[in-house]
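Enquirer: sequence below, structure please.
(2 chains)
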Amino acid sequence: MIGALVLVIMVALSATALFGLVTTAMNRPPGPVHRVAVGICTALVVVQAAVAAYQVLVGGVTLPEQTTFLIYLVVAICVPPIALQFATAEPTRWGGAVIAVGTIGTLVAVLRLQGLWVPGA
Amino acid sequence: MRATATGPGRILIAVYGIFALSASARAGVQIAERFDEAPLAYALSAVAGFVYILATVGLAGSGPGFRRLAWFAVSFELLGVLLVGAFTAFVPGDFPHDTVWSWFGRGYGFIPLVLPFVGIWWLRRTGRSG
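Expert: The predicted model follows:
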C-alpha cells in the first residue's frame, strides 16, 4: 500500500460519486465522462492492488487478516466496472446514482483495506 | 405492474449487489478460517450473504417468479436484521463475533436496517397495477 496513492484513489472515487449524483440531479444519463472517470478509478485501484498484493505475496509483508485483505483488493477492482456496466445498460438519469453507489462502496472497501494494513502485527 | 429493475430501482439493486458481494465474501473468510470460534454467528453471516444474493437476483429479474423471490428475500432480511439486531443489543456477550446484522447493522452504517424497508416500499410501489 502506498499512502499517497490511497489518498488519490479516495479523491478520484469521491469525485466520480459526486459527478454521478450531479448528473442524476440534472436528469442526464451516464455518458463518456462517466466512463473515463470510472476507468481512471479502476486503473488507480488496480495499481494499488498490484503493489499491495506484491508486498503481501512476494515481499514477505505479513498481515493479521491476510485473506480478508486480499479479498477486499479483488472486490475493490471489480465493483466500479460492474457498476458502470449496470448503469449504462439502461441509460436514464439513474445511471449516475448507480455509479455513485458503486464508487462509494469501493471507497468503503479502500478504507477497510487501509484499516487492515498493519504489517507485521 | 412495473419491472423492479428500472429507474431508481437500479440504485437499490446496486446497493443489494454490493452487500451480496461483501457479506458473502466476509462469511466465506470467517467460515474458512475460524468457523470453530463462533459457528452460529458465522453460519448466520453466510445466511445473510445468501439472502442478499437472492434479493439482488429477485429485484434484477423480471416476472412474477423473480418478484416472489424478491419479496421472500427482503422479508427474510427484515426479520433477520430485527431479530439479530435485538438479540445482539439486549443480550450482550452471547454473540461475540459481528455479523452484518449485529446491532441492527451498526458496522455497516445501519444500511442493513434501512435496506429492507426501502426494498419493501419499492416492491409495493412497482407492484401496483395500472
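Enquirer: which ones are touching B:Arg10?
Expert: A:86-87, A:90, A:94-95, A:98 (C-beta atoms under 8 Å, 6 or more residues apart in numbering or on different chains). All C-beta spots, glycine's among them, are computed from the backbone N, C-alpha and C.
Enquirer: among the residues you listed, which are in reach of chain B?
Expert: Restricting the contacts of B:Arg10 to those touching chain B (C-beta under 8 Å from any C-beta of the partner chain) yields A:86-87, A:90, A:94-95, A:98.
Enquirer: need the max-distance pair from the contacts of B:Arg10.
Expert: By the measure C-beta to C-beta, A:Phe86 and A:Trp94 form the most distant pair in these, at 10.4 Å.
Enquirer: compare those two (neighbour count), which wins?
Expert: Higher neighbour count among A:Phe86 and A:Trp94: A:Trp94, with 23 against 20, using other C-beta atoms under 10 Å in any protein chain shown.
Enquirer: can you tell me how far the spatially closest residue to A:Pro29 that is not a sequence neighbour is from A:Ala25?
Expert: The shortest distance from A:Pro29 to any non-neighbouring residue, by C-beta to C-beta, 6 or more residues apart in numbering or on different chains, is to A:Pro91 (4.0 Å). To A:Ala25, A:Pro91 is 16 Å away according to C-beta to C-beta, to the nearest Å.
Enquirer: what are the boundaries of the strands in chain B?
Expert: Ranges of strands within chain B: none, based on DSSP state E.
Enquirer: any stretches of it with poor pLDDT?
Expert: Filtered on pLDDT under 70, chain B yields the residue ranges B:92, B:94-97, B:129-130.
Enquirer: in stretch A:61-68, what's buried?
Expert: Buried residues in stretch A:61-68, counted by 16 or more other C-beta atoms under 10 Å in any protein chain shown: A:63, A:65, A:68.
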